[in-house]
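Asks: Got a predicted model here, sequence first, then my questions.
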There are 2 protein chains.
Amino acid sequence: MATVPTGRSRATIIDVAQAAGVSRQTVSNSLKHPERVRPDTLERVLAEIDRLDYTPSTAATSLRDQRAGAVGIELTGLGTTPSEALAPFLLGLAVHAPAHDCHIVTFATDADRPEPERYRSMWRSRLVDAFVMMDTHPDDPRPGWLRERRVPFASFGRVWDDPSFTAWADVDGRAGTSDAVDHLAARGYERIGWLGWPDGSAIGDERRSGWVDALERHGLDGPEARAEQDLVSAMAAAEGLVDSVGGGGAIVCTSDVLALGVHQVLLRRGLIPGRDVGIVGFDGSQTARTHGLTSVHQPYGAIADTLLTQVHDQLTDDELPSAGVMLAPELVPDASTERT
Amino acid sequence: MATVPTGRSRATIIDVAQAAGVSRQTVSNSLKHPERVRPDTLERVLAEIDRLDYTPSTAATSLRDQRAGAVGIELTGLGTTPSEALAPFLLGLAVHAPAHDCHIVTFATDADRPEPERYRSMWRSRLVDAFVMMDTHPDDPRPGWLRERRVPFASFGRVWDDPSFTAWADVDGRAGTSDAVDHLAARGYERIGWLGWPDGSAIGDERRSGWVDALERHGLDGPEARAEQDLVSAMAAAEGLVDSVGGGGAIVCTSDVLALGVHQVLLRRGLIPGRDVGIVGFDGSQTARTHGLTSVHQPYGAIADTLLTQVHDQLTDDELPSAGVMLAPELVPDASTERT
DNA sequence: CTGAAAGCGCTTACAG
DNA sequence: CTGAAAGCGCTTACAG
């Protein structure tokens, strides 16, 4: 009778077979096809599996099944500064991976711009069956490289360069800012302005359109201003905009950083965000939480889950999803839209 | 003559052997023991390896070598809010992993507190050879669980519960705040105060001691105040402290959030951070970057590299490092300590 | 219902 | 210097 292995050694299928007095394949059947095993045998085998704390070796099953059971994700970021979305998105992937029968392998380079080299080595060595990608940008070489080689992958964010690519999930920015306007109107803010990025960014334009739509729906009209994605630029633009909407007005912003700019301007003027002027940001970042900014939160868990599904389907059916998936973000109220 | 594989199929050692007209083991030798192969043969084999884009299969080598070549890391966080250190630390791990001949596998639960269950399943299935851990806390069940089973791991942050455990790397908080005082003194700030957490936190006390030391070294004296780790508490505490240090003074803080509290109070009073009152935060977080706060940055890359070394040594020598490693953080100046 | 065999891809002693 | 063999742990047809 085998004893419980101690230290670092881990039980193999042979240990279980010997302990239960059956052959290896009966152990395997007990796990994969229990109906093929006589009940009393099954019970005995499962008891030993439990006692020996046995799980099939990943390396062996992955060699045998010709699949790694892993999805790779590149950790992108400008040098040492990762994108704010990285951590919550990774957390979403890691939480949902077991339900998709896979695990998540990370990789990164210290290169400034993403390039396909590491994808190549991960793929060549069969470390992963597929990839999940974020932060794609115009002229990103990665999607094309992967598609040429028919490597399965899915993208957080549309691949704007390639409309025929449908394995993506993205956040419906239009719905998010539209919700923001509804929220502000419901709370009784009068004039609802817009602080956005300069025209021409796909994401920024989409988010602005939600504000336009909702304003029209409510029969309202509102001032707008533009700023780059940094605090100094945001504060400069916010000055005039705060004057325009005035006390009892509110401002919807393309991002939390822009929203923070509005917040800082109010603070400097001795005004109280929420009570005097409402603010809604976008992304649900740490910045929003820290400053009590109402923000449109990205549904990271749902995005991760969708992408893993799309990747799994490609692995199974060998074809792309029929269409990308737009997910509704969620407005999370905080102090910056409290009027009391 | 074999052709380049297309689509998803990837070359195996047999493809290379056939293409080069040698046996499998000669291919393997060409990679692992090139000196055993005759030069002209070697050249021919390497050419085919290159042409076919061949790399040994991870699953096969890992089965054969009885090592996964992977290190697991749990993504911790309070529900959906990951710690700010998570992303840069993971990036550090991913960047340094190849130099340690391994890759990084992530996992997570949606449980509030970390528990050993997922460590158990990762370990049982031999998916990883070792773990790296962060955010350990008093009564954390994970280090004990791993040590009992002699599972190799290393911790970002000392395991305070278990001083005999030496596989850790941590940031020298004392050195960091001491540097902060030096930096402020060099820039000519007069009174240098302290805004810290309440007494009793190991990290907070250590950081404060660096301020005490440096003040003494400079023959200075300074006021101090305490606040919890949130913006509201920080702003409340900062009010009095700003009065105490006055114009031309400066404040060293236990964290970037506390530093932000000081920053916001200055803003509200119409004072300019840096010019009127200096501020130094700690952690080098996104918050610090956004607000132009000088901060003591954690050396995430060096921490990751150290932990991977410690884990690798345990795998090789089967014993713990002789001592933990304290790494010096780096003060990164920004607008909040510019006097212009 | 259960067992013996083949094979996933690789590497390292071991012969030639 | 090169080749045939064994074995890492597993699973799935295939016989009994």
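Replies: In hand now; what should we look at?
Asks: which SS class is residue A:169?
Replies: strand (DSSP: H, G, I helix; E, B strand; the rest coil).
Asks: which ones are touching residue A:30?
Replies: By C-beta atoms under 8 Å, 6 or more residues apart in numbering or on different chains, the contact set of residue A:30 is A:37, A:41, A:42, A:45, A:46, A:49. C-beta coordinates here come from the backbone N, C-alpha and C atoms, glycine included.
Asks: which one of those residues is nearest residue A:292?
Replies: Proximity of the contacts of residue A:30 to residue A:292 (C-beta to C-beta) peaks at residue A:49, which lies at 51.6 Å.
Asks: Counting by contacts, list what the one helix or strand that closest one maps to packs against.
Replies: In this structure, residue A:49 is located in helix A:39-52 according to DSSP states H and E. Contacts defined by 3 or more C-beta pairs under 8 Å, 6 or more residues apart in numbering or on different chains; DSSP states H and E place helix A:39-52 against helix A:13-20, helix A:24-32.
Asks: could I get these as a markdown table with mean pLDDT and distance to residue B:217?
Replies: Output for the helices and strands packed on helix A:39-52, formatted as a markdown table (pLDDT from 0 to 100; distance: least, C-beta to C-beta, whole Å):
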| stretch | mean pLDDT | distance to residue B:217 |
| --- | --- | --- |
| helix A:13-20 | 90 | 62 |
| helix A:24-32 | 90 | 65 |
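Asks: out of those, nearest to DNA strand C?
Replies: Nearest of the helices and strands packed on helix A:39-52 to DNA strand C, taken as C-beta to the nearest atom of the strand: helix A:24-32 at 3.9 Å.
Asks: May I see the buried residues of the closest one?
Replies: Within helix A:24-32, the residues scored as buried using 16 or more other C-beta atoms under 10 Å in any protein chain shown are A:26, A:27, A:28, A:29, A:30, A:31.
Asks: Just the closest of the residues you listed to residue A:246, please.
Replies: Ranked by distance to residue A:246 (C-beta to C-beta), the buried residues of helix A:24-32 are led by residue A:31 at 68.5 Å.
Asks: wait, isn't the closest one in contact with residue A:49?
Replies: Yes. Contact criterion C-beta atoms under 8 Å: residue A:31 and residue A:49 qualify, at 7.4 Å.
Asks: ok, now how distant is residue A:93 from DNA strand C?
Replies: 27 Å (C-beta to the nearest atom of the strand, to the nearest Å).
Asks: Could you do residue A:340 as well?
Replies: With C-beta to the nearest atom of the strand as the criterion, residue A:340 and DNA strand C are 66 Å apart.
Asks: Just give the nearest non-adjacent residue to that residue, would you?
Replies: residue A:275 (6.9 Å; C-beta to C-beta, 6 or more residues apart in numbering or on different chains).
Asks: Which helix or which strand is home to that neighbour?
Replies: Here residue A:275 is assigned to no helix or strand, by DSSP H and E.
Asks: What backbone torsions are found at it?
Replies: phi -70, psi -50 (degrees, to the nearest 10).
Asks: likewise the one 3 residues further on?
Replies: The main-chain torsion angles of residue A:278 are listed as degrees, to the nearest 10 and equal phi -80, psi 150.
Asks: so where do the strands sit in the stretch 1-150 of chain A?
Replies: All strands of the stretch 1-150 of chain A, identified by DSSP state E, counting those that start in this stretch, fall at A:70-74, A:77-78, A:81-82, A:103-107, A:130-133.
Asks: one step back: could I get the buried residues of helix A:24-32 in a markdown table, plus columns for distance to residue B:96?
Replies: Below are the buried residues of helix A:24-32 laid out as a markdown table (distance: C-beta to C-beta, whole Å):
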| residue | distance to residue B:96 |
| --- | --- |
| A:26 | 44 |
| A:27 | 39 |
| A:28 | 38 |
| A:29 | 43 |
| A:30 | 41 |
| A:31 | 37 |
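Asks: ok, so of the residues you listed, who is nearest DNA strand D?
Replies: Distance to DNA strand D, by C-beta to the nearest atom of the strand, is smallest for residue A:28 among those, at 3.6 Å.
Asks: gap between the nearest residue to the closest one once chain neighbours are set aside and chain B?
Replies: Of all residues not flanking residue A:28 in the chain, residue A:13 sits nearest, at 6.5 Å (C-beta to C-beta, 6+ apart). Separation of residue A:13 from chain B (C-beta to the nearest C-beta, to the nearest Å): 12 Å.
Asks: And residue A:253, by the same measure?
Replies: In terms of C-beta to the nearest C-beta, residue A:253 sits 14 Å off from chain B.
Asks: Might one say that that residue is in contact with residue A:285?
Replies: No. At 11.9 Å, residue A:253 does not count as touching residue A:285 under the criterion of C-beta under 8 Å.
Asks: what subset of the buried residues of helix A:24-32 is also close to DNA strand C?
Replies: Residues of those in contact with DNA strand C (C-beta under 7 Å from any atom of the strand): A:26, A:29.
Asks: At the contact with DNA strand D, which residues of chain A appear?
Replies: Counting by C-beta under 7 Å from any atom of the strand, chain A comes close to DNA strand D at A:12-14, A:24-25, A:28-29, A:31-33, A:54-57, A:59-61, A:63-65.
Asks: one more time with 6 Å
Replies: A:12, A:13, A:24, A:25, A:28, A:32, A:56, A:57, A:60, A:61, A:63, A:64 (C-beta under 6 Å from any atom of the strand).
Asks: on that earlier part again, tell me if I'm right that the residue nearest to residue A:340 and residue A:336 touch.
Replies: No. With contact defined as C-beta under 8 Å, residue A:275 does not reach residue A:336; the gap is 9.7 Å.
Asks: what sits against the residue lying closest to residue A:213 once chain neighbours are set aside?
Replies: Sequence neighbours aside, residue A:178 is the residue nearest to residue A:213 in space, at 5.6 Å (criterion: C-beta to C-beta, 6+ apart). By C-beta under 8 Å, 6+ apart, the contact list for residue A:178 reads A:210, A:211, A:213, A:214.
Asks: The last one and chain B, how far apart?
Replies: It refers to residue A:214. Distance from residue A:214 to chain B, by C-beta to the nearest C-beta: 27 Å.
Asks: count of neighbours near the spatially closest residue to residue A:131 that is not a sequence neighbour?
Replies: Using C-beta to C-beta, 6+ apart and skipping residues adjacent in sequence, the residue nearest residue A:131 is residue A:153, 4.0 Å away. If you count neighbours by other C-beta atoms under 10 Å in any protein chain shown, residue A:153 ends up with 26.
Asks: I'd guessed residue A:153 sits against residue A:311; true?
Replies: Yes. Using C-beta under 8 Å, residue A:153 is in contact with residue A:311, at 6.8 Å.
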